[in-house]
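Undergrad: Provide a 3D model corresponding to the input given below.
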Amino acid sequence: NELCLWLIEHKLTEAEFTTCGGSKSPGRKSYHDCSKSFSEILSNKSVCYYHSANHYNYWNITEENQDFFINHDQYDRCPFKVGMNQLWRNQLLGLSIEQDERQHFQHVTFSVVKHPRNLALDKTLKRYQHLIANNPKFSVLTSADFINAATAVNDSELNQWIEWYRDLYAL
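TA: You can find the predicted model right below:
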């Protein structure tokens, strides 16, 4: 009897997650320094281009949820510069929605659905799971798992979508 939200990123054919666009932006200044650690960035968020130039709230939300990224001290540079950037931003969205009292969601989780033969994402996914100490608010499923769960519903309209999905992604 709780209202919950499940955010799902389908990453079926791509070889990697989106990297940080701010780290290569032509507007960067000399003080924008992605070589700083998680803790160093939290103590001076202006070293992040997205924070100082674009006024994005990524690091403010991260600061409010530091305990979620429990293993951050094992990274001597910003852990979100490369493949984990998209995972981080999606996770921050979920954490923010869950904490927003206007939304009334008791729990918000985030999952990545990947093609079972897409092994290219595995390294980044393992790194992210390590960063968050396998927090259950994040999970990874294959598209086959996703389709099997949808098939169990046994709905005629959903079954049509399942066939389309299977054909499109060769499942």
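Undergrad: neighbours around the closest residue to residue 95 other than its chain neighbours, how many?
TA: Leaving out its chain neighbours, the residue that sits closest to residue 95 by C-beta to C-beta, 6 or more residues apart in numbering is residue 65, at 5.0 Å. Where you see a C-beta, it was placed from the backbone N, CA and C, and this is true even at glycine. A count of nearby residues for residue 65, using other C-beta atoms under 10 Å, gives 15.
Undergrad: looking at it, residue 65 is touching residue 93, isn't it?
TA: No: look at residue 65 against residue 93 with C-beta atoms under 8 Å: they stay out of range, at 11.6 Å.
Undergrad: Centre-most residue in the chain?
TA: Among the residues of the chain, residue 87 comes closest to the average C-alpha position under C-alpha atoms, centre = their mean, at 1.9 Å.
Undergrad: Confirm it sits in a helix?
TA: Yes: going by DSSP: H, G, I helix; E, B strand; the rest coil, the assignment for residue 87 places it inside a helix.
Undergrad: List the contacts of it.
TA: For residue 87, the contacting residues are 9, 17, 112, 124, 125, 128, 138, taking C-beta atoms under 8 Å, 6 or more residues apart in numbering as the criterion.
Undergrad: Turn those into a markdown table, including neighbour count and pLDDT.
TA: Compiled in a markdown table, these are given as follows (neighbours: other C-beta atoms under 10 Å; pLDDT from 0 to 100):
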| residue | neighbour count | pLDDT |
| --- | --- | --- |
| 9 | 14 | 94 |
| 17 | 21 | 94 |
| 112 | 22 | 97 |
| 124 | 20 | 97 |
| 125 | 18 | 98 |
| 128 | 25 | 98 |
| 138 | 21 | 98 |
